[in-house]
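Student: sequence and predicted structure are below.
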Amino acid sequence: MIALKNINIKAAGAWLLAALLLTGFWHYTDPARKTSEKGQVLIRFWNGFTGPDGRSIIKLAETFNKQNPDVKVLVQRMDWGTYYNKLFVAGLGGRAPEVFILHATMVPRFKEAGFLSPLETDPALADDIDERVWSSVFHDGRQWAVPLDILPMGMFCNRTLFREAGLTNQLGEVLIPTNRKEVLDAMRRLTKDTDGDGKTDQWGHVISWVRLNWQSIVAQMDGKLVSADGKTCTVDAPENVAAMQFFIDLVEKEKVCPKPEGFDSWVGFLQGKVGIVFEGIWMLPELQKSDLDFQGAAFPTLGKHPGVWGDSHVMCLAAQIPAREKEAALRFMIFLSDNSLEWAKNGPIPVRKSIRATPEFQAMETQSAFAERIPDLEYSPMVPYKLELDAELDIAAERAIRRSVSPLEAFSQAGSNIQKVIERGGAE
């Protein structure tokens with residue numbers, strides 16, 4: 001699923017600069033690939049779906065091809081760690097795919113580079129998508145993508161450890177915490193020295209992807225990482241520092257969470273040594289393959305009000321593709337949106353409200369639970385310097401949680417670095 005933290009930031013930035021300076025936009029200049037031997041319109045579809053989601057997307061493309069004999073979709077999957085770099089290279093070489101996946105928060109960067117075609121879709125589609133998600137693909141008053149799914153953070157709980165800690169009701173059902181008080185109580189009761197050697201070997205919580213855990217609480221604290229116009233970095237605001245302090249307190253004050261050094265957070269949860277972990281819906285397939293008795297739940301309210309970090313996979317068209325290819329590509333994009341219930345089996349939550357209302361989706365317990373936070377979803381700032389912003393925030397969050405510097409110092413340094421990116425033209 002989503003793996004933005006693995007992107008080669010410097011390389012991606014270099015390709016973007018080259019694209020802006022050398023081309024100004026992403027041309028569709030590959031006439032040799034317009035039609036197949038059978039006269040079909042060829043649509044190349046690039047994405048980063050290399051896991052179980054990739055197998056699903058291939059099956060969907062095969063179904064589309066059968067139902068649309070005048071079109072042939074060619075699927076190319078790549079690892080997210082190199083995916084965006086390869087998109088830039090394809091554009092520079094005049095071999096841009098007709099359809100490609102972006103994360104919603106990457107749309108401004110590609111739009112600013114001139115890599116996207118603006119879209120006009122059926123107004124009925126907008127009525128079937130939550131406003132927060134739909135608005136994420138609009139910039140400067142125009143639509144630049146079609147949302148495919150929603151990828152929120154949430155909470156996974158080890159049901160076996162909950163039962164052993166007595167965190168059940170009179171019927172023996174696991175009591176899932178929903179607010180700060182309940183979460184802290186559960187974490188305390190889940191933290192144990194099971195072998196009596198004086199050392200904790202079962203933890204109430206473990207911190208996984210620090211930045212996304214932190215950003216979820218930032219959303220609940222009304223914190224902002226950049227100003228509304230994107231020209232001022234505000235990452236060291238008091239609300240943001242307070243959000244990080246919550247996690248530091250879990251380690252140092254509550255002692256319900258191990259220090260990050262020497263403890264593999266996700267492996268620890270899979271091994272049954274951790275009661276609660278905050279993670280993204282994209283981890284669901286790995287849990288489903290395990291023997292762990294787990295339960296997924298909406299991200300709890302740990303700040304002032306409900307809120308959660310999230311992103312979306314969105315479908316985009318390359319700039320300046322011919323009308324015939326554009327029509328076929330749009331047809332394929334809408335087909336994927338219409339059939340995203342199959343896609344949801346891998347974890348991603350369908351953006352279509354009508355699909356989420358079906359009994360089939362409601363039977364997907366984890367996805368349905370995570371979907372409860374869609375009205376409170378908070379995307380990362382929609383700015384062209386998203387890659388640089390994430391890189392600095394990842395470093396700052398790790399420095400803060402590892403206590404190499406204070407949270408304020410970590411975020412102040414990150415803010416200074418991000419501001420330099422903005423002043424070099426990142427917000428223009």
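Tutor: Received, thanks.
Student: how about the helices of the stretch 1-150 of the chain, start to end?
Tutor: Using DSSP state H, counting those that start in this stretch, the helices of the stretch 1-150 of the chain run over 9-22, 52-67, 80-92, 107-112, 123-127, 131-135.
Student: hmm, which helix or strand of the protein has the shakiest average pLDDT?
Tutor: Every helix and strand of the chain was ranked by mean pLDDT, DSSP states H and E. The lowest is helix 9-22, at a mean of 42.
Student: ok, back up a step: make a markdown table from the helices of the stretch 1-150 of the chain and add distance to residue 214 to it.
Tutor: Glycine gets a C-beta too; all of them are placed from N, C-alpha and C. Putting those into a markdown table (distance: least, CB to CB, whole Å) gives the following:
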| stretch | distance to residue 214 |
| --- | --- |
| helix 9-22 | 19 |
| helix 52-67 | 26 |
| helix 80-92 | 21 |
| helix 107-112 | 22 |
| helix 123-127 | 32 |
| helix 131-135 | 20 |
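Student: I'd like those helices as JSON lines, with distance to residue 367 and mean neighbour count appended.
Tutor: Shown next, in JSON lines, are the helices of the stretch 1-150 of the chain (distance: least, CB to CB, whole Å; neighbours: other CB atoms under 10 Å):
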{"stretch": "helix 9-22", "distance to residue 367": "30", "mean neighbour count": "16"}
{"stretch": "helix 52-67", "distance to residue 367": "13", "mean neighbour count": "16"}
{"stretch": "helix 80-92", "distance to residue 367": "21", "mean neighbour count": "20"}
{"stretch": "helix 107-112", "distance to residue 367": "24", "mean neighbour count": "22"}
{"stretch": "helix 123-127", "distance to residue 367": "21", "mean neighbour count": "11"}
{"stretch": "helix 131-135", "distance to residue 367": "15", "mean neighbour count": "16"}
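Student: to residue 414, which of these lies closest?
Tutor: Among those, the nearest to residue 414 by CB to CB is helix 9-22 (13.5 Å).
Student: what about the nearest residue to residue 136 once chain neighbours are set aside, neighbour count?
Tutor: Nearest residue to residue 136, sequence neighbours excluded (CB to CB, 6 or more residues apart in numbering): residue 104, at 4.2 Å. By the measure other CB atoms under 10 Å, the count of residues near residue 104 is 25.
Student: which residue ranges make up the domains of this protein?
Tutor: Per automatic domain parsing, the structural domains of the chain span 4-148+312-351, 153-308+385-426.
Student: just for the protein, where's the confidence low?
Tutor: Regions of the chain meeting the criterion pLDDT under 70 cover residues 1-37, 93-94, 426-428.
Student: let me see the ranges of the strands in this structure.
Tutor: Secondary structure of the chain (DSSP state E): strands at 41-47, 71-77, 99-103, 138-139, 142-143, 146-147, 149-158, 203-205, 274-280, 294-297, 308-311, 313-317, 349-350, 377-378.
Student: turn the ones you listed into TSV, columns for mean neighbour count and distance to residue 53.
Tutor: As requested, the strands of the chain are arranged in TSV below (neighbours: other CB atoms under 10 Å; distance: least, CB to CB, whole Å):
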stretch	mean neighbour count	distance to residue 53
strand 41-47	22	9
strand 71-77	19	9
strand 99-103	24	10
strand 138-139	16	26
strand 142-143	14	24
strand 146-147	22	16
strand 149-158	25	9
strand 203-205	26	28
strand 274-280	25	13
strand 294-297	19	17
strand 308-311	28	14
strand 313-317	25	9
strand 349-350	28	13
strand 377-378	22	20
